[in-house]
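Participant: Provided below for reference: sequence and predicted model.
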Amino acid sequence: MHRRFNFVYQDGLGPFIGALEKLFSRRHPDSSTAPKQFRLATIVVTRERLLNDEEMALLDYFAARGEATAPLPFSSGFAKGMTKPFAVASRGLGSLITALSSP
C-alpha cells in the first residue's frame with residue numbers, strides 16, 4: 001500500500017520533522033554519501049534495420065539535453081517555455097551521464 005503525503009516546509013517545524021523521521025525512518029544513504037552522478041542509457045530495438053544517421057542524431061540530441069547544466073527551451077504543441085534538466089532540477093547536486101563509452 002502506498003501512502004501519499006504533501007508537506008510544506010516552514011520554519012519552526014523541527015518537532016514535526018522529527019516525528020516524520022520516526023514514522024518513515026531516516027534517509028538511507030544520507031545525502032553526504034548518496035550517489036551524485038548517474039549513468040543513463042537508452043536501448044533502441046528495431047525490427048528490420050539499424051537506425052539511420054538522422055534517427056541516431058535525434059537520440060544523441062536528447063541524450064545531450066539530459067546532461068545539460070542550464071535550463072533549456074521546450075515546446076509541446078502550443079505550449080512553450082523553459083525546462084530544467086536533471087542537474088538544474090537537483091540544484092547542481094546531481095548529474096546524468098548519457099554518453100556511451102567503450103572499455
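Facilitator: Great, that's in hand. Numbers count the residues shown, from 1 in each chain.

Participant: Which residue is the nearest non-sequential neighbour of the most centrally placed residue in the chain?
Facilitator: Computing the C-alpha centroid of the chain and ranking residues by Cα atoms, centre = their mean puts residue 86 first, at 4.1 Å. Of all residues beyond its chain neighbours, the one nearest residue 86 is residue 96 (4.9 Å), with distances taken as Cβ to Cβ, 6 or more residues apart in numbering. C-beta here means a position set from N, CA and C on the backbone, and glycine is covered the same way.

Participant: shaky segments in this protein?
Facilitator: Regions of the chain meeting the criterion pLDDT under 70 cover residues 1-14, 100-103.

Participant: Look at residue 78 and say how many residues are nearby.
Facilitator: Using other Cβ atoms under 10 Å as the criterion, residue 78 is surrounded by 5 other residues.

Participant: Show me the helices in the chain, by range?
Facilitator: Along the chain, counting by DSSP state H, helices occupy 14-24, 53-67, 86-89.

Participant: Need the distance between the two termini of stretch 84-97.
Facilitator: Separation of the first and last residues of stretch 84-97 by Cα to Cα, to the nearest Å is 16 Å.

Participant: Next, the buried residues of that stretch.
Facilitator: For stretch 84-97, the neighbour count (16 or more other Cβ atoms under 10 Å) marks 85-87, 95-96 as buried.

Participant: Relative to residue 56, which of those is nearest.
Facilitator: Nearest to residue 56 among the buried residues of stretch 84-97 is residue 96, at 19.1 Å by Cβ to Cβ.

Participant: Is that closest one bridged to anything, and to what?
Facilitator: Note on residue 96: beta-bridge partners residue 38, judged by DSSP bridges.

Participant: Please identify which pair of the buried residues of stretch 84-97 lies farthest apart.
Facilitator: Using Cβ to Cβ, the buried residues of stretch 84-97 reach their maximum pairwise distance at 85 and 95, which is 9.2 Å.

Participant: hey, what's in contact with both of those two?
Facilitator: Here residue 85 and residue 95 share the contacting residues 67, 69, scored by Cβ atoms under 8 Å, 6 or more residues apart in numbering.

Participant: on that earlier part again, would you reformat the buried residues of stretch 84-97 as a markdown table and include distance to residue 40?
Facilitator: Converted to a markdown table, the buried residues of stretch 84-97 look like this (distance: Cβ to Cβ, whole Å):
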| residue | distance to residue 40 |
| --- | --- |
| 85 | 12 |
| 86 | 9 |
| 87 | 12 |
| 95 | 10 |
| 96 | 5 |
